[in-house]
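J.: generate a structure from the sequence data that follows.
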Amino acid sequence: MEKIRIDKWLWAARFYKTRSLAVDEINKGRVLINDQEAKPAREVKPGDSVVIRQGAITRTVTVRGISGQRAGAPVAQLLYEETPESIQRRALLAEQRRAGIEPAASLEHGRPTKRDRRSLDKAHGNDWDSRWSASAD
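T.: Sure, this is the predicted structure:
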């Protein structure tokens, strides 16, 4: 039976751009194999269940193929099959993000620009000459 290191498989299946990124995420506990925490050298084989947490998104995939070489996206997608529950969760999260309010939209005004500050100063009667100073006069 064919087996391959999980970090190499995650890289080949295009979940992470580099093997070192895959190793970092595995060491942080964001990858589970058959509901157990994994180490980068842990081997996976076809039929294993892999849970991958990337930000707010959690994917549950079943290993379908083994490859030690990184290939194009269509080939990489043949290495795994995402569970229907995982696809549903991702679709629900995407819908919630779309429906949610944009945090930046709640800000009416940001920091005033130099032009805005000058116009505010003129409106309040604060010109350069009326400001207090530490001078003796």
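
J.: which stretches of the protein have low pLDDT?
T.: Applying pLDDT under 70 to the chain flags the ranges 1, 104-108, 126-137.

J.: quick one: the helices in it?
T.: Secondary structure of the chain (DSSP state H): helices located at 6-12, 19-27, 73-76, 84-99, 114-123.

J.: which strands and helices sit next to the last one?
T.: This points to helix 114-123. Packing partners of helix 114-123 (3 or more C-beta pairs under 8 Å, 6 or more residues apart in numbering; DSSP states H and E): none among the helices and strands. To be clear about C-beta, it is placed using only N, CA and C from the backbone, and glycine gets the same treatment.

J.: can I get that helix in PDB, CA atoms only?
T.: Output of helix 114-123 as PDB, limited to C-alpha atoms (Å, rounded to 0.1, in the frame of the first residue of the first chain):
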ATOM      1  CA  LYS A 114      -4.700  67.900   5.800                       C
ATOM      2  CA  ARG A 115      -7.200  69.700   3.600                       C
ATOM      3  CA  ASP A 116     -10.100  68.600   5.900                       C
ATOM      4  CA  ARG A 117      -8.200  69.700   9.000                       C
ATOM      5  CA  ARG A 118      -7.600  73.100   7.500                       C
ATOM      6  CA  SER A 119     -11.200  73.600   6.600                       C
ATOM      7  CA  LEU A 120     -12.200  72.500  10.100                       C
ATOM      8  CA  ASP A 121      -9.800  75.000  11.600                       C
ATOM      9  CA  LYS A 122     -11.300  77.800   9.500                       C
ATOM     10  CA  ALA A 123     -14.800  76.800  10.400                       C
END
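
J.: which of the residues in it are buried?
T.: Within helix 114-123, no residue counts as buried by 16 or more other C-beta atoms under 10 Å.

J.: next one: the shortest one
T.: Buried residues in helix 73-76, counting neighbours by 16+ other C-beta under 10 Å, are found at residue 76.

J.: residues in contact with that helix?
T.: By C-beta atoms under 8 Å, 6 or more residues apart in numbering, the residues outside helix 73-76 that reach it are 12-14, 67, 70.

J.: in contact with the most centrally placed residue in the chain, which residues?
T.: With distances taken as C-alpha atoms, centre = their mean, residue 55 lies nearest the centre of the chain, 4.2 Å away. For residue 55, the contact set (C-beta under 8 Å, 6+ apart) is empty.

J.: good, we can wrap up now.
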